[in-house]
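Chemist: Give me a 3D structure for the following:
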Amino acid sequence: MNKVFLIGNLTRDPELTETSSGVSICRFAIAVNRNYAGSDGERKTDFFNVTAWRGLGETVSRYAKKGNKVAVVGTIELRNYEDSTGAKRTAVDIIAQDVEFLSPKGSANENSGYESDFPAQASQAPAKRKPALQSFDDDSDIPF
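Modeler: Residues are numbered from 1 along each chain as shown. Have a look, this model is predicted:
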C-alpha cells in the first residue's frame, strides 16, 4: 500500500499550469517538522514537493498561499532523471489525493487572501438571540 499523510506549511505559493491536453496541474511544496529534536535541541524539517491534479489542483491554487498550514493525503512517487552533469538522480514527489486547509481565519496569513472566498465560520457569525425558557412543572399526571 502506498499512502502518505503529511501536515506542513507551504514554502511558496502554489503554481497552477495545464498539460498540453488541457488538464490542470498544481505544484507546491510543504515543510514538515519532525516529531523529535536532534542532539543540538533543534527540530529537523523535511521538504516535500506535492502535485495536485484537476479540480483539487485548481482549489489549492485558489485558496492556499505561502505559509498556510495544510494536510495532504496522497501517494509517494519516485522519479529517476539525469541532472545537468549527467549524474543519475531520484526525486520523491507526493501526488495529492486530498488537501485540507488548516490555517485558521485571523492567523498571521489573513491578508494573503487564503479564506477570502470561504463563507464565515459559525463562530464568526453574529450571535442569535435565544428564546427565554419558561419553567414547566406538571408532574400531576405521573403515576408514581
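
Chemist: The nearest residue to Thr19 once chain neighbours are set aside - how many residues pack around it?
Modeler: Using CB to CB, 6 or more residues apart in numbering and skipping the chain neighbours, the partner closest in space to Thr19 is Ile25 (6.2 Å). Heads up, the C-betas are built off the backbone N, CA and C, glycines and all. Using other CB atoms under 10 Å, Ile25 is surrounded by 16 other residues.

Chemist: could you measure Ile25 against Ala87, distance?
Modeler: Distance, Ile25 to Ala87, by CB to CB, to the nearest Å: 27 Å.

Chemist: Val72 now?
Modeler: 29 Å.

Chemist: Who has more neighbours out of those two?
Modeler: The neighbour count for Val72 versus Ala87, taken as other CB under 10 Å, is higher for Val72 (23 against 8).

Chemist: Name every strand pairing with the helix or strand harbouring that one and say which way it goes.
Modeler: According to DSSP states H and E, Val72 maps onto strand 69-82. Partners of strand 69-82 in the sheet, by DSSP bridges, are strand 4-10 (antiparallel), strand 88-101 (antiparallel).

Chemist: Next secondary structure element downstream of the first one?
Modeler: Right, the one you point to is strand 4-10. Following strand 4-10 in sequence, per DSSP H and E, is strand 15-18.

Chemist: residue contacts, Val32?
Modeler: Contacts for Val32 were tallied using CB atoms under 8 Å, 6 or more residues apart in numbering; they are Leu6, Ile7, Gly8, Thr45, Asp46, Phe47, Phe48.
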